[in-house]
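S.K.: Here is a sequence with its predicted model. Questions after.
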Number of protein chains: 2
Amino acid sequence: MNKQRIAIDMDEVMADFLSKAIQTYNQEFNASISLDDQQGKHFVESVPEAHLSEVRLYPYRPSFFRDLQIMKDCKEVVTELAGKYELFIVSAAMEFPNSLKDKREWLEEHFSFIHWQNIVLCGDKSIINADFLIDDHSKHLVNFVGEPLLFTAPHNINENRFKRVNDWQEVGNLLL
Amino acid sequence: MNKQRIAIDMDEVMADFLSKAIQTYNQEFNASISLDDQQGKHFVESVPEAHLSEVRLYPYRPSFFRDLQIMKDCKEVVTELAGKYELFIVSAAMEFPNSLKDKREWLEEHFSFIHWQNIVLCGDKSIINADFLIDDHSKHLVNFVGEPLLFTAPHNINENRFKRVNDWQEVGNLLL
């Protein structure tokens, strides 16, 4: 029997985009936003109107995605999942042309056991043919052909339409 | 009813990679390979052993994919298809990190009506969920979930496992 296939999102699931955004913002605007302020909202909602245009450009900056931290327990659980499932990393990166190479290189550095054939940079994830999709964005989960799993992030804590995994330990408990 | 979805490959289907490779090779090695010499084989098979290592690096060169010519009638037929189908451009670009941004920009320049949400840069195309896949590589067609259409290229003229479209006029005749 073929292995089941899991599609895994990158930002806020494997890679800690939010912490880098907060850190960059605090540094450049001499501010003191904390992760705890983010519950129930998107990062741009914590930022004064006057700073929005600059903050919205973060993901367009060359190298912005290249040094993101790996989410807690992600490496260990993904390594174990790779033995039991066929894994595809699926990131809606196409909006940000400078992120494409960064994301490819980030995966090569931290998850070298994932072959380039199993990396997908896209926009609309309804194009993805897999058994599971682990993602923090409900817009990607809602039209997914397989079983959607919502990975908890501050912006999605009030979403209740999907089975939820709060962290990588929970992903492991569910799928391993 | 939802529109049917067509996934369309880039190199040798929308974009003329082969002509650029031949032209580059002839220029740099003072050679005179022609497109007519390519029937039934891959480009690397027309090149002397001693030049192979250099030729294999072409797709890794920054900007190599940025100025490819559009295949004959492609723009016109894709424009018409966009009115009747949901189109996704799906390129197995992940092997070549420098091609990722080039391909995104090439599409933006020549096919600006195709939204970034509908661009997919990947490796293994069995991850693609669509009704049709137009591709010159049988390795991508063989595990595709929908109806595979083999787009004729010199290297695939002896392939007979798939319905074949010889050019964009034939794609139009079949799907419009």
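M.R.: In hand now; what should we look at?

S.K.: tell me which parts of chain A are close to chain B?
M.R.: Selection of chain A residues close to chain B by CB under 8 Å from any CB of the partner chain yields A:5, A:7, A:88, A:90, A:94-95, A:97-98, A:100-101, A:104-105, A:115-124, A:126-130, A:145. To be clear about C-beta, it is placed using only N, CA and C from the backbone, and glycine gets the same treatment.

S.K.: is it true that A:Leu174 touches A:Glu147?
M.R.: No: applying CB atoms under 8 Å as the test, A:Leu174 and A:Glu147 come out as separate, 10.2 Å apart.

S.K.: How many residues are close by A:Asn2?
M.R.: Look at A:Asn2: counted by other CB atoms under 10 Å in any protein chain shown, it has 6 neighbours.

S.K.: Quick check: chain neighbours aside, which residue is closest to it?
M.R.: A:Glu86 (7.6 Å; CB to CB, 6 or more residues apart in numbering or on different chains).

S.K.: Enumerate every residue touching the one you found.
M.R.: Applying CB atoms under 8 Å, 6 or more residues apart in numbering or on different chains, we find A:Glu86 in contact with A:2-6, A:118.

S.K.: if you set the cut-off to 10 Å instead, what comes out?
M.R.: Listed by CB atoms under 10 Å, 6 or more residues apart in numbering or on different chains, the contact set of A:Glu86 reads A:2-7, A:118, A:130-131, B:124, B:126-127.

S.K.: count of residues packed around A:His110?
M.R.: Neighbour count of A:His110, defined by other CB under 10 Å: 16.

S.K.: Check what pLDDT it gets.
M.R.: As predicted, A:His110 sits at a pLDDT of 98.

S.K.: okay, A:Leu174 and A:Glu147: which has more neighbours?
M.R.: Taking other CB under 10 Å, A:Leu174 and A:Glu147 do not tie; A:Glu147 has more neighbours (15 against 12).

S.K.: give me every residue that touches the residue lying closest to the more buried one once chain neighbours are set aside.
M.R.: For A:Glu147, ignoring the flanking residues on the chain, the nearest one in space by CB to CB, 6+ apart is A:Phe132 at 5.2 Å. Counting by CB under 10 Å, 6+ apart, A:Phe132 makes contact with A:4-8, A:81, A:85, A:87, A:144, A:146-149, A:163, A:171, A:174-175.

S.K.: Geometric centre of chain A: which residue is closest?
M.R.: Centroid check for chain A by CA atoms, centre = their mean gives A:Asp11 as the closest residue, at 2.3 Å.

S.K.: Give me the phi and psi for it.
M.R.: Note on A:Asp11: its backbone torsions stand at phi -70, psi 130 [degrees, to the nearest 10].

S.K.: Identify the residues contacting it.
M.R.: Contact analysis of A:Asp11 by CB under 10 Å, 6+ apart lists A:17-18, A:20-21, A:59, A:65, A:68, A:71, A:91-93, A:99, A:103, A:135-137, A:153.
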